[in-house]
Every structure is written in structure tokens, then in C-alpha cells.
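Peer 1: using only what follows, build the 3D model:
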Amino acid sequence: MTTVRIIGAPTDYGANRRGVDMGPSAIRYGGLADQLAGAGVETVDAGDLLVPRAEERDPDADAPSEGKAKFLRETADVCRRLGDEVAATLADGEVPLALGGDHSIAIGSLVGSARDADVGAVWFDAHADLNTPATTPSGNVHGMPLAAALGIGEFADTEWANAPGLSPENVALVGLRSVDGAEAELIRDRGFAAYTMSDIDERGITDVTEEALSVASAGVDGIHVSLDLDWLDPNAAPGVGTPVRGGVTYREAHSAMEIVDRTDALRSMELVEVNPTLDQHNETAELATELAASALGKRVL
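Peer 2: Have a look, this model is predicted:
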């Protein structure tokens, strides 16, 4: 039986709105353990990483040499510790499930997952998260984790941020609908497998997800799934900090996660950007638990 280790990373250092640091608690309260039990997996809850409140920190204490990146020192500290937790989980033969927190925690998840293995990544997100300190419009690191893990721009040769076993050829982005100009140029120049909502509209969620997983899993030891709840339409997932209309539906999201499970290649996963202060009756957190269960094997029959 698969054992999933739950690791909370209650940080909002990378976000533009406070409250997402309460995401791990909301997801647990939303029934994560029960949902995963329904998927037939055992769970071990490792608790939360200790993360000082953003209000107690200086966002510009460790500013990059070029551009802007808020709370970079604090983000690096969280991601180092999360990376160690993820790597230790895998070494114990368990599947790490990280709970954000904002999407900057994906740096730690990827670094840990790719420390001793070649991995692919599927990015289920409305956004590309390929900004760097030099290209970001906001300075919020939750828009930079994929660029950081791949060592792009100012993140080149950055030990805490670079995922050694992750190659651009094994990265697929699914459900894009809000991409900055510099990110779009990077996607074209680097040849990332990128699927917009228009692709999903035209081809269907099954075809797009299967192709994305094929790209991510080619020649690697396993795949990392990064699930940002703003991938879904705000009608289905209202409790996110950067909602974008026109996302996937509730059923499409479940179908995609069921396809993830069928590949039998899931190595690590994170659920991010659940903000209970913006949610309605904790429905986004509850949806996150359902989607995690689908990715880990839960079926109707």
C-alpha cells in the first residue's frame, strides 16, 4: 500500500495577498486524511514547517543583484527545509504531498524530488510561473518557482533553488491563461510543452493531460505534479489569491488527476494557493483534498 507523507508549508512570502499561509490547516480541515484513506493509501502527517510571519520580516533584506524578489531570504530558508523533508520522505519509500502556502514552495518540492533522481514536472496552473527577478512585474516569488527550479536568469547556479534532476524537456504546463510577455517569449525560445485553455477547449482535457504526462515522464524516474488551485475556474475554486476566469471545470480537474494516477509515475505532489480568507465555506480546500485523492487512486468504481 502506498504511504503518503503530508508536509505543511504555511508560507505567504511569495504571494501578493495575505492568508494563503493558512492553506495547510484549511486543507487538513477539509478532510484530506479521509479523502486519501478513501483512495486506499496510508497517510503520515509530518505537521508544518515552522515559518515566521511575513509581518515580522523585511521583504527586501536579501534583495537580488538585479530586479526584485520579495522575501527571498525567507523563501530560501523554507524551500531548503522543505526540500530536505521531501528528499527524506522519498528515501523512506513514501510519497511526499506538500501543502501550501503559496506557489513558491514548489521550489523546495522540486529540489527535494529531483535531488537524487531524474524527474519531470506537470504544472497545472493558470500562470506559467517562469518570471525571474528581472522580468517580474510584482516581485512576488510565487510567480517564479519554475524558473528558479530550472536555473533560469538570475536563478542560475543558485543551490537552494535549482532542481538538479529536472530538465526543461520534461516540463509541461497545462491550463495557461495568464502569461506575462517575458514568460511567453521564454516558453517559445526554450520550447516548453505548454497547453493553454484554448488547447483544452479544442482537444479536450484527456488528450492534453495524456500528452503533457507523456512529455513529463519520458526517460525519467518519476513525475512531480504541481497543482495550483487557480488552475480551476473561480466558480469552482473561489478561495485563491490570483483568480483568472475561464479555467478548468470541477469535472475536468478530476479527470486530469485520474489520468495522473493511471500513469503510475507520480513521485511527489503539492497543493498550493488555497487562501481560506477568500474562500466560501472552505470549498476550495475541500476541492484540493478531492483532487489529491483522485491523483492518488480514488475512483467511483
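
Peer 1: drop to CA atoms for contacts and neighbour counts, all remaining ones
Peer 2: Will do.

Peer 1: so where do the helices sit in this protein?
Peer 2: 23-29, 32-38, 72-91, 106-113, 145-149, 181-190, 197-203, 205-217, 250-263, 283-295 (DSSP state H).

Peer 1: kindly reformat those helices as TSV containing mean pLDDT, distance to P234 and mean neighbour count.
Peer 2: Shown next, in TSV, are the helices of the chain (pLDDT from 0 to 100; distance: least, CA to CA, whole Å; neighbours: other CA atoms under 10 Å):
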stretch	mean pLDDT	distance to P234	mean neighbour count
helix 23-29	98	17	23
helix 32-38	97	21	19
helix 72-91	98	27	21
helix 106-113	98	22	31
helix 145-149	98	22	28
helix 181-190	96	23	14
helix 197-203	98	14	15
helix 205-217	98	18	21
helix 250-263	98	10	19
helix 283-295	98	9	25
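
Peer 1: how about TSV for those, with distance to P238 added?
Peer 2: Converted to TSV, those look like this (distance: least, CA to CA, whole Å):
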stretch	distance to P238
helix 23-29	13
helix 32-38	19
helix 72-91	25
helix 106-113	21
helix 145-149	23
helix 181-190	25
helix 197-203	18
helix 205-217	21
helix 250-263	12
helix 283-295	6
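
Peer 1: ok, M22 - contacts?
Peer 2: Neighbouring residues of M22 by CA atoms under 8 Å, 6 or more residues apart in numbering: P10, G101, N275, P276.

Peer 1: go again using 7 Å as the cut-off
Peer 2: By CA atoms under 7 Å, 6 or more residues apart in numbering, the residues touching M22 are P10, N275, P276.

Peer 1: among the residues you listed, which are located in strands?
Peer 2: Assignment to strands by DSSP state E places none of those there.

Peer 1: name the member of those residues with the most neighbours.
Peer 2: N275 (30 neighbours; other CA atoms under 10 Å).

Peer 1: counting neighbours, what do you get for the nearest residue to it once chain neighbours are set aside?
Peer 2: Closest residue in space to N275, ignoring its immediate chain neighbours: V20 at 4.2 Å, by CA to CA, 6 or more residues apart in numbering. For V20, the neighbour count with other CA under 10 Å is 29.

Peer 1: was I right to think V20 contacts D102?
Peer 2: Yes: counting by CA atoms under 7 Å, D102 is a contact partner of V20 at 6.1 Å.

Peer 1: who touches the residue most central in space within the chain in this structure?
Peer 2: The chain has S226 as the residue nearest its centroid, 3.1 Å off, counting by CA atoms, centre = their mean. With contacts defined as CA under 7 Å, 6+ apart, the neighbours of S226 are V122, W123, F124, M269, E270, L271.

Peer 1: so what pairs up with the third one in the strands?
Peer 2: F124 has the following beta-bridge partners by DSSP bridges: V174, L227.

Peer 1: next, count neighbours for it.
Peer 2: If you count neighbours by other CA under 10 Å, F124 ends up with 26.

Peer 1: for it, give its distance to E154.
Peer 2: Distance check for F124 against E154: by CA to CA, to the nearest Å, it reads 24 Å.

Peer 1: and the fifth one, by the same measure?
Peer 2: Counting by CA to CA, the separation of E270 from E154 is 25 Å.

Peer 1: the two: who's more crowded?
Peer 2: Set E270 next to E154 and count neighbours by other CA under 10 Å: E270 wins out with 26 against 17.

Peer 1: my guess is D157 meets G151, correct?
Peer 2: Yes: here D157 reaches G151: they are 6.4 Å apart, a contact under CA under 7 Å.

Peer 1: which residues does A9 contact?
Peer 2: P24, D48, L49, A98, L99, G100, G101, I105.

Peer 1: burial of the fourth one, as a residue count?
Peer 2: Same thing as A98. 27.

Peer 1: report the beta-bridge partners for it.
Peer 2: In this structure, A98 bridges to I7, E270 when assessed by DSSP bridges.

Peer 1: before we move on, what about the second one?
Peer 2: Taking DSSP bridges, one finds G8 as the beta-bridge partners of D48.

Peer 1: mind listing what the nearest residue to P64 once chain neighbours are set aside touches?
Peer 2: Closest residue to P64 apart from its sequence neighbours, by CA to CA, 6+ apart: P133 at 7.1 Å. P133 sits next to E66, G67, K68, A69, G139, E154 when contact means CA under 7 Å, 6+ apart.

Peer 1: now those residues in JSON lines, please, with extra columns for distance to I205.
Peer 2: Output for the contacts of P133, formatted as JSON lines (distance: CA to CA, whole Å):
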{"residue": "E66", "distance to I205": "39"}
{"residue": "G67", "distance to I205": "37"}
{"residue": "K68", "distance to I205": "36"}
{"residue": "A69", "distance to I205": "34"}
{"residue": "G139", "distance to I205": "32"}
{"residue": "E154", "distance to I205": "34"}
